[in-house]
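Visitor: Structure, please.
(2 chains)
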Amino acid sequence: MNHHGHKQPPAKKFKPGSPPVKPKMQAAIHCGPKKMTVEEQRRSLPIYLARSQIIAQLRKLDSVVIIGETGSGKTTQIPQYLYEASIGRQSIIAVTQPRRVAAISLATRVSEERRTELSKLVGYTVRFEDVTSEETKIKFLTDGMLLREAIGDPLLRKYSVVILDEAHERTIHTDVLFGVVKSAQKKRKEQEKQPLKIIIMSATMDVDLFSEYFNGAPVLYLEGRQHPIQIFYTKESQSDYLQAALVTVFQVHQEVPASHDILVFLTGQEEIEAMTKTCRDISKHLPDDCPKMVVMPLYASLPHSQQLRVFQNAPKGQRKVILSTNIAETSITIPGIKYVVDTGMVKAKKYNPESGLEVLAVQKVSKAQAWQRTGRAGREDSGICYRLYKEEEFEKFEEMTVPEIQRCNLASVMLQLLVLRVPNVHTFDFMSKPSPDSIQAAIDQLHLLGAVERKGDQIVLTPLGKKMAAFPLEPKFSKTILLSPKFHCTEEILTIVSLLSVDSVLHNPASKRDEVQAARKKFISSEGDHITLLNIYRAFKNLGKNKDWCRENFINGRNMTMVLEVRSQLRDICIKLSMPMESSRTDTRNIRQCLAHGLFMHAAELQPDGTYTTVDTHQPIAIHPSSILFHCKPACVVYNELLHTSKCYMRDLCVVDADWLFEAAPDYFRRKLRTTKK
DNA sequence: GAGCACTGC
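Guide: Numbers count the residues shown, from 1 in each chain, chains lettered A, B, ... in the order given. Modelled structure (predicted):
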């Protein structure tokens, strides 16, 4: 272990070809061919050599930043070292993860290493699942879950240590937690309560930022077990990255042994499906002495069963080629990748606080992201990475991906901060501050929803706002639920909001378009997507939540099951708030009225020329092709979100009366009218 | 006339 002051630049630590990438559980699971006992495995980790030094440091320090290369074992071992050394043993050690699966698999792994039953000494808490008990001392949880817990107890008194893992990913939840744990630590010290130890764990990015933010916390560096990776850049700049990727894949394919699998990073579903087809076509016509190629697409909306195929080995003598979005950067770790092809491009969301518009666009990756991709080639053995851009181009990439908190609508975050009773949301101690415009836009939005009001120069939550914060939803959806008793349709609104807050339940395989349309016909409502989804849910419920029915109707059964879980969670919250649970049965008018009242800020009107403009800023927008109403021209609609891709599209529409909108927010629309008249 | 990166409460 090297122990540096935080001012030293960490980048020099890395040998060329040994990029800073982060560890994944799979590394420990697929550890080696020889069977080792759990104890032998723990001792064989690089981190074990530094165990006593680490313990001494952790005992001494209130806050520490730990930088660990891949395979260092920091996430599984450090919580155990703390426990074994009786540091923070009087209460619970929390370890956060950005993803559910990681929290679950890490807890499972560590409980095996402790030889205890999961939920006893070691447990986990994620949404819908709490596998902990009175005995639990080491608890893995999602960052979002710890943030939820903080709402009930901003000082996090349950915990003696909070470890924020994968901090370099800078998820919006981790970024808010930085501020929450920092303030909890300070307050607990002031009130002479049990101290809170903070451990930030990260790959090598942002070290100085982390250390400075936590009052100059020392940085510990851990050696990893990353295999060397050779990197090749292109000689010339590539104007067509798809063509470049195709050429590279087949060049590699014809030159290296078939057992070496290739992972290609592309930007989206359509591109990946097209490239899959091209690769399959070309590979059919290769010379006989060339190995066969198994091409697999990989992206998030691919059905789970098809995603799992990337873990199967290709038949002997054949090469696996995986064409993936950035899902293979962090969420899915594929063993045995020898070659990575990095196009240097990614599809990502940007947010413009002025227009309130989210733009989804193909853009260049950051250096950190390029390193992350490269690292996917060296997990089990040395690897090779082809970067489809020149080295000079790479040097011009942004160092870091912009943290999520600077890229999205902050309405939920601001509501959360207010319910956490932070003194002033405008001056909250963010590690990377969002723009003042972005914060103000979120406050304005909460104001329109009736969640906040101004008292003097302070912004405070209204009783309605406090209720809204109880729901794990975007504020506009919590508001819609809270409005629903007025329209006697809480049961239906719960269903609709649940359907909208999980991945789409509609499965649309491109090859079976006509069949899909025929099957879907019976659910379609001319009143829009919300009511259509409600019809689908009702049919699903009435037919006993049948799996065959899902398949026949091109409904994603897994996502439908998620809907049931979300719905029951939201319903429990309604009951705790003593809301009357009524159903509007066959009447859809009041459901649409309720949606109009909740989503009035997202309304659009048909213009004489047949196009649409938003009611608030008169921006031209179009109906997204995925909408039931794509071919229709209703006079007035509300929508869930605007998304700018090739055009500005509204997604998920509901037909409403213009009058309902004015009833919902007379002041707001009067103001809008005035501005439009001049 | 034509389309959707990835998480999470």
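Visitor: check contacts around the residue lying closest to A:Ile536 once chain neighbours are set aside.
Guide: Counting by Cβ to Cβ, 6 or more residues apart in numbering, A:Ile536 lies nearest to A:Phe523, which is 4.8 Å off, once chain neighbours are set aside. From N, CA and C alone the C-beta is placed, and that goes for glycine too. Counting by Cβ atoms under 8 Å, 6 or more residues apart in numbering, A:Phe523 makes contact with A:532, A:535-536, A:539, A:553.
Visitor: Narrow those to those in helices?
Guide: Cross-referencing these against helices under DSSP state H gives A:532, A:535-536, A:539.
Visitor: Could you tell me which residues of the stretch 501-650 of chain A lie near DNA strand B?
Guide: A:501, A:503-504, A:508, A:623-626, A:630-631, A:643, A:645-647, A:649 (Cβ under 7 Å from any atom of the strand).
Visitor: Any of the residues you listed buried? List them.
Guide: A:501, A:623-624, A:643, A:649 (16 or more other Cβ atoms under 10 Å).
Visitor: So which residues of the stretch 401-550 of chain A form strands?
Guide: With DSSP state E, counting those that start in this stretch as the criterion, the stretch 401-550 of chain A has strands at A:452-455, A:458-461.
Visitor: which neighbours does the first one have in its sheet, and in what orientation?
Guide: If you go by DSSP bridges, strand A:452-455 pairs up with strand A:458-461 (antiparallel).
Visitor: Secondary structure of A:Leu220: a strand, I assume?
Guide: Yes - assessed by DSSP: H, G, I helix; E, B strand; the rest coil, A:Leu220 belongs to a strand.
Visitor: Identify the bridge partners of it.
Guide: Note on A:Leu220: beta-bridge partners by DSSP bridges are A:His3, A:Ile66.
Visitor: quick one: pLDDT of the nearest residue to A:Ile151 once chain neighbours are set aside?
Guide: Distance criterion Cβ to Cβ, 6+ apart; nearest residue to A:Ile151, sequence neighbours excluded, is A:Val419 at 5.5 Å. On pLDDT, A:Val419 comes in at 95.
Visitor: Let me see the contact set for A:Val419.
Guide: Contacts of A:Val419 by Cβ under 8 Å, 6+ apart are A:151, A:461, A:465-466, A:469.
Visitor: from the residues of the stretch 501-650 of chain A next to DNA strand B, which is closest to DNA strand B?
Guide: A:Ser626 (2.2 Å; Cβ to the nearest atom of the strand).
Visitor: next one: phi and psi at that closest one?
Guide: Here is the backbone geometry of A:Ser626 (degrees, to the nearest 10): phi -80, psi -10.
Visitor: do A:Gln57 as well
Guide: Torsion angles, degrees, to the nearest 10, at A:Gln57: phi -70, psi -50.
Visitor: returning to that earlier point: can the ones in helices among the contacts of A:Phe523 go into CSV with extra columns for pLDDT and neighbour count?
Guide: Converted to CSV, the ones in helices among the contacts of A:Phe523 look like this (pLDDT from 0 to 100; neighbours: other Cβ atoms under 10 Å):
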residue, pLDDT, neighbour count
A:Thr532, 95, 22
A:Asn535, 94, 16
A:Ile536, 94, 23
A:Ala539, 92, 15
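Visitor: ok, so of these, who is nearest DNA strand B?
Guide: Set against DNA strand B, the nearest of these by Cβ to the nearest atom of the strand is A:Thr532 (12.9 Å).
Visitor: Which residues are in contact with the closest one?
Guide: A:523-525, A:628.
Visitor: which regions of chain A sit below the pLDDT cut-off?
Guide: Chain A contains residues with pLDDT under 70 at A:1-35, A:356, A:673-678.
Visitor: thinking A:Arg376 is in contact with A:Asp342, fair?
Guide: No - the pair A:Arg376 / A:Asp342 is not scored as a contact, 9.3 Å apart, by Cβ atoms under 8 Å.
Visitor: Neighbour count: those two, which is higher?
Guide: Between A:Arg376 and A:Asp342, counted using other Cβ atoms under 10 Å, A:Asp342 has the larger neighbour count: 29 against 25.
Visitor: Now do the same contact list for A:Arg148.
Guide: With Cβ under 8 Å, 6+ apart, A:Arg148 has these contacts: A:Pro472.
Visitor: helix or strand for it, which one?
Guide: If you go by DSSP states H and E, A:Arg148 is part of helix A:143-152.
Visitor: From A:Glu271, how far off is A:Tyr386?
Guide: Separation of A:Tyr386 from A:Glu271 (Cβ to Cβ, to the nearest Å): 18 Å.
Visitor: In terms of neighbours, single out the busier of those two.
Guide: A:Tyr386 (24 against 21).
Visitor: Quick one: distance of stretch A:178-197 to the chain centre.
Guide: Here the centre of stretch A:178-197 is set off from its chain's centre by 28 Å, with Cα atoms, centre = their mean, to the nearest Å.
Visitor: Which of the residues in that stretch are classified as buried?
Guide: Neighbour-count burial for stretch A:178-197 [16+ other Cβ under 10 Å]: A:178-185, A:188, A:196-197.
Visitor: pull the CA atoms of it into PDB?
Guide: C-alpha atoms of stretch A:178-197 as PDB (Å, rounded to 0.1, in the frame of the first residue of the first chain):
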ATOM      1  CA  PHE A 178     -21.600  13.000  -0.100                       C
ATOM      2  CA  GLY A 179     -23.300  16.100   1.300                       C
ATOM      3  CA  VAL A 180     -25.600  14.100   3.600                       C
ATOM      4  CA  VAL A 181     -22.800  12.100   5.300                       C
ATOM      5  CA  LYS A 182     -20.500  15.100   5.500                       C
ATOM      6  CA  SER A 183     -23.200  17.100   7.400                       C
ATOM      7  CA  ALA A 184     -24.200  14.100   9.500                       C
ATOM      8  CA  GLN A 185     -20.500  13.600  10.600                       C
ATOM      9  CA  LYS A 186     -20.200  17.200  11.500                       C
ATOM     10  CA  LYS A 187     -23.500  17.400  13.500                       C
ATOM     11  CA  ARG A 188     -22.800  14.100  15.300                       C
ATOM     12  CA  LYS A 189     -19.400  15.500  16.400                       C
ATOM     13  CA  GLU A 190     -21.000  18.800  17.500                       C
ATOM     14  CA  GLN A 191     -23.700  17.000  19.500                       C
ATOM     15  CA  GLU A 192     -21.000  14.600  20.900                       C
ATOM     16  CA  LYS A 193     -22.900  11.600  19.600                       C
ATOM     17  CA  GLN A 194     -21.300   8.400  18.300                       C
ATOM     18  CA  PRO A 195     -18.800   9.500  15.600                       C
ATOM     19  CA  LEU A 196     -19.500   8.700  11.900                       C
ATOM     20  CA  LYS A 197     -16.600   7.300   9.900                       C
END
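Visitor: which residues in the stretch 551-678 of chain A form strands?
Guide: Using DSSP E, counting those that start in this stretch, the strands found in the stretch 551-678 of chain A span residues A:603-606, A:612-614, A:620-623, A:636-644, A:648-655.
Visitor: Much appreciated, bye for now.
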